[in-house]
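Colleague: Just to be clear, the model below is a prediction. Sequence and coordinates:
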Amino acid sequence: MGLSLDAVSKSYGAQQVLAPTTLQVADGEFMTILGPSGSGKTTILRLVGGFTRPTSGRIGFGDADITGMPAHQRPFNTVFQDYALFPHMTVAANIGYGLMVRRQTKPAIAAKVGQTAEIVGLGGLLDRFPSQLSGGQKQRVALARAIVCEPKLILLDEPLAALDAELRRQMQFFLKSLQRQIATTFLFVTHDQEEAITMSDRIVVMSAGRIEQVGTPKDIYYAPRTQFVAGFFGDNNLIPGHVTGNGMVTTALGTMPIPAETDRRERDVMLAIRPEKVLLGAAGSGSHQVSCRIDDVTFIGAITQLRLRPAAAPDQVLTVKLTSDRTRLGLESGTVVSASLAPGDIALVEVS
Amino acid sequence: MVSLPERIILFMLVAAGPFLLIVVPIGAFLAMSFFRMENQQIVHDLSLANYAAFFSSWTYVKTLLLTLWLCAEVTLIGLLIGYPIAYFIWRRSGRIRTILLLLFVLPLFMSYIVKIFTMRSILGLNGFLNQILVAVGILSEPSQVFLYNQNAILFTMAVIFLPFVILPIYLSLERIPRSLVQASADLGADIGTTFWHVILPLSAPGTIAGALFAFVLALGDFITPQMVGGANGFTFGRVIWSQFGLAYNWPFGAALGTVLLAVALLAIVLGGLAAQRQKV
Amino acid sequence: MPSRAERITDILLAILAGLVFIVLYAPLLISTLFSIVEVKRGQIQWETATLVWYGRLWENQSILDAIRSTLAVGVISVTLAAVLAVILALYVEWEGAIGRRLIELVVYLPFLLPPIVTGLALLVFFSGLGLDRNLLTVTIGHTIFVLAVLYRLVLTRLQTLPKSLVEASADLGASRWQTLRHVLWPHLRSAIATGAILAFTLSFDETLITVFLAGDQMTLPLRLWAMMRVGFTAEINALVTIVLVISIGLTILVGMRLQSDEVREE
């Protein structure tokens, strides 16, 4: 059930913008497609919306094959990046457009438009024209227009990109609560990692026309499976290693056990560990101890960031983030400390 | 996606009207130039006889050459007067600029026939020009030298086609960013230097377009020569016109028309190339 | 501060512009003057001033017929050209279109070529089809002549429409027709109107093509031509004044509409 993409690809002439891609979106899910520009995320959205046809593959919704179905017949609605509000229509006419083309009666349209405007907080602006609205208000009109027909799926193409930071945070929260309220599947496209992590049930990370990883925000953050994903979300320590086959991985920082439930085949990998997961001093049982010299200490407000150089591998830098403390004694450049890496906090990243 | 056969069918549906009413007539016209007349009947035998007749007759070739010379003069006068006026309009600002532009473009849409007859009444024996010259005392009696000769055609065409020159020149001047002109002045160039090295080259595409308009329009005009040129004002357009009228030799007229068409296309292509070189 | 050289240049240019202005507007000035007063031996007879000639026009059947023909040809050809222009512009902007450049070349051709060639080509074409020359052939000639203007204006306007608006309409369930009616048409409407006025102005004055296609029918420019060959009368001057005022009025209307479009774009 839900939306399914089965080996869907898109090429323009010889240039492939989307490699064959398979993806399932469950009903009621808030799914985010995240990637830098040119990663193919908008292509997926346009294929699902029916604005372009795939070069190969099949798009299904429920039991139906909708690969060749034109956009106006699909039970999906889109919130466009530039909002795409009709400039010659009032807010009410914009919101009611989908109902009007479905030939609903005027009173029915007016009632439904009023209801929807209340949901998105646009009451009182119904007679304005788009040119008289602020960016945030336009955004809400675009949203209302998309939800008024009660689509099975709502597509959102970087809808928050044009808003300033404060408004953006408000809208993130609003979108998430709206999605719960109307219990509709959201397919959300963005290039903003923080946005993806705070809003999504699941995230699809894309790069260069391919899916890198699909998973919950926590999966993506703590257990990246590719180097791209490991480097895409904030700071990460990446340490080259080699899996030896007996459940151990050897690195310049020594040999340690690999995380449970990972592939035990012998191969080169990268170890990834978040800076806030590197602990100093007293180690928990089973943690791997590394003796390091502090290279640099930076106070960044809520956290303090350290750069460590392991004694065994001076070329490798370990970044550590600690909760700041008014008097953290002894943490000065040149001090030798012991860093500990817990197996549960280490992710094995495949080297391509 | 729409399949290729469907796209071809759609193309043919959409293009049918323009092709039937534009391409086919021009094709029929070109075909006509290869036919011949016999006993007041058009005979549908293909031959180059009409073209041979044209190129072997010095009278026709000379008329073409004189017409080309006339058109070149019209174009030159158009540029010499039109450019300064376009520049003058461009140098104004705000409402004055808009109003001036409108005033100098408006005559473009004034009745063509009326313009010709007005020129005729100005230049004629009892016309304005003679009356003024006699009144001022330059002439002792009205003169016939102003009308019914090549100069009358030249003067009339220059006046009629001038707005066609002004408009494209103005439009290309308008496209020059003011900042470029200011930058040139800022770098110490006086107005003359700025004009020769910045404004004139950047407005070349519009100047060429304006020149082409004047040239092609003058080339095909057959009413002006007839009305103000009289018996002395024979131009190529008029010769073609007569083949479709009194002389009644359509195939020969079509061949002459094809020569005219070729000259016009050559001018357009040369102008296009010159404009392109300017862009680089 | 403008330099001395600049000021002198400007003054010279202003004088030139003034002289050219007088020459360009001579037709309007002269015909208006002579439609109201008489001139005898180079002297304007102010005491003869009268508007009676304007009234006489409405009693002249041949002029009324010509005016009627011109209006009919103008309205029908502009309507046909507008419909054709919208279809062509929509097609050329459609992503699956083939032969775009070819279509554009053909549409612009009658506007680029010397009118005598366009007129003669249609003359040969119609006689080949065995069609008699009358107002119908004139209408077809005007349609293809003004098509370029309408096409250009409609296409330019269409290109300013964000593609996402069309997609949004389809996304919200509108069929192609509904999108055309509710999104494209409101956007194109004013450009079509501007183009139609401009095209009508061109059709109203068209002579060089018309003369080949009219047969024994008369449009207003042809009627004027025939009348003027005989000689100028106050009646002709009155008619000319009316014709010029209509052309000028329509052109100013187009200019104002284009100007307000520009302001809106900004």
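Modeller: Noted; the coordinates are in hand.
Colleague: How about B:V198: what's its closest non-neighbour residue?
Modeller: Leaving aside its chain neighbours, B:V198 sits nearest to B:S184 (4.9 Å; criterion: C-beta to C-beta, 6 or more residues apart in numbering or on different chains). Bear in mind the C-beta positions are built from the backbone N, C-alpha and C, glycine included.
Colleague: Show the contacting residues for the one you found.
Modeller: B:S184 is in contact with B:193-194, B:197-198, counting by C-beta atoms under 8 Å, 6 or more residues apart in numbering or on different chains.
Colleague: any idea which residue sits dead centre in chain C?
Modeller: Residue closest to the mean C-alpha point of chain C, counted by C-alpha atoms, centre = their mean, is C:L202 at 2.0 Å.
Colleague: so which strand or helix has it?
Modeller: Element membership for C:L202, per DSSP states H and E: helix C:185-205.
Colleague: I'd like to know which elements that helix is packed against.
Modeller: Counting contacts by 3 or more C-beta pairs under 8 Å, 6 or more residues apart in numbering or on different chains; DSSP states H and E, helix C:185-205 packs against helix C:61-93, helix C:135-159, helix C:234-265.
Colleague: Over to stretch B:221-234 now: how far is its first residue from its last?
Modeller: End-to-end distance of stretch B:221-234 (C-alpha to C-alpha, to the nearest Å): 11 Å.
Colleague: in what helix or strand does A:Q16 lie?
Modeller: Taking DSSP H and E as the criterion, A:Q16 maps to strand A:15-25.
Colleague: Using CSV, write out every CA atom in the helix or strand following that strand.
Modeller: Downstream of strand A:15-25, the next assigned helix or strand under DSSP H and E is strand A:30-34. In CSV, the C-alpha atoms belonging to strand A:30-34 read as follows (Å, rounded to 0.1, in the frame of the first residue of the first chain):
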residue,chain,number,x,y,z
PHE,A,30,6.0,12.1,6.7
MET,A,31,8.7,11.3,4.3
THR,A,32,11.5,13.7,3.4
ILE,A,33,13.7,13.5,0.4
LEU,A,34,16.9,15.3,1.3
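Colleague: Which strands or helices does strand A:30-34 pack on?
Modeller: helix A:41-49, strand A:185-190, helix A:193-199, strand A:202-207.
Colleague: Look up the closest residue to residue 234, ignoring the ones flanking it.
Modeller: In the absence of a named chain, chain A is used. Of all residues not flanking A:G234 in the chain, A:Q193 sits nearest, at 7.3 Å (C-beta to C-beta, 6+ apart).
Colleague: To clarify, I was referring to chain C.
Modeller: For C:A234, ignoring the flanking residues on the chain, the nearest one in space by C-beta to C-beta, 6+ apart is C:W53 at 4.5 Å.
Colleague: ok, how many other residues are close to the residue in the stretch 1-150 of chain C that chain A sits nearest to?
Modeller: Of all residues in the stretch 1-150 of chain C, the one sitting closest to chain A is C:E95 (9.4 Å; C-beta to the nearest C-beta). Using other C-beta atoms under 10 Å in any protein chain shown, C:E95 is surrounded by 8 other residues.
Colleague: Now the element after the longest helix belonging to chain B, going C-ward?
Modeller: Counting by DSSP state H, the longest helix found in chain B is helix B:58-91. Proceeding N to C from helix B:58-91, the next assigned helix or strand is helix B:94-105, under DSSP H and E.
Colleague: wait, isn't A:P240 in contact with A:T250?
Modeller: No - proximity of A:P240 to A:T250 does not meet the contact threshold set by C-beta atoms under 8 Å, at 10.0 Å.
Colleague: which residues of chain C score low on pLDDT?
Modeller: Chain C contains residues with pLDDT under 70 at C:1-2, C:39-44, C:262-266.
Colleague: do that again at 90, thanks
Modeller: C:1-10, C:22-64, C:93-100, C:111-113, C:128, C:130-133, C:190, C:215-217, C:224-248, C:250-266 (pLDDT under 90).
Colleague: Quick check: residues of it near chain A?
Modeller: Residues of chain C found near chain A (C-beta under 8 Å from any C-beta of the partner chain) are C:162, C:164-165, C:167-175, C:178, C:182-183, C:186-187.
Colleague: Of those residues, just the buried ones, PyMOL syntax please.
Modeller: Only the buried members of the residues of chain C next to chain A end up in this PyMOL selection, burial being decided by 16 or more other C-beta atoms under 10 Å in any protein chain shown:
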select buried, chain C and resi 164+165+167+168+169+170+171+172+173+174+178+182+183+187
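Colleague: How about the residues of chain A by chain C?
Modeller: Along chain A, the residues adjacent to chain C under the rule C-beta under 8 Å from any C-beta are A:49-51, A:70-73, A:76-78, A:80-82, A:84, A:86, A:88, A:97-98, A:100-102, A:145, A:149.
Colleague: Can you flag the buried ones in the residues you listed?
Modeller: Burial by neighbour count, 16+ other C-beta under 10 Å: within these this picks out A:49-51, A:71-72, A:76-78, A:80-82, A:84, A:86, A:97-98, A:100-101, A:145, A:149.
Colleague: which residues sit in contact with the residue nearest to B:S121 when sequence neighbours are not counted?
Modeller: In this structure, B:S121 finds its nearest non-sequential neighbour in B:G127, 5.4 Å apart by C-beta to C-beta, 6+ apart. Counting by C-beta under 8 Å, 6+ apart, B:G127 touches B:120-121, B:146-147.
Colleague: Residue 220: what's its closest spatial neighbour, skipping adjacent residues?
Modeller: I'll assume chain A. Here the residue nearest A:I220, using C-beta to C-beta, 6+ apart, is A:I203, at 5.2 Å.
Colleague: Oops, wrong one, chain B.
Modeller: Per C-beta to C-beta, 6+ apart, closest to B:G220 is C:P114, 2.4 Å.
Colleague: The one you found against B:L265, yeah?
Modeller: No - distance between C:P114 and B:L265: 10.1 Å, which falls outside the contact criterion (C-beta under 8 Å).
Colleague: Buried residues in stretch A:107-116, which are they?
Modeller: Neighbour counts over stretch A:107-116 (16+ other C-beta under 10 Å) mark A:109, A:112-113, A:116 as buried.
Colleague: I should have written stretch C:143-163 there, sorry.
Modeller: Buried residues in stretch C:143-163 (16+ other C-beta under 10 Å): C:143-155, C:157-158.
Colleague: which among those gets closest to chain B?
Modeller: The shortest approach to chain B among those belongs to C:I144, at 5.1 Å (C-beta to the nearest C-beta).
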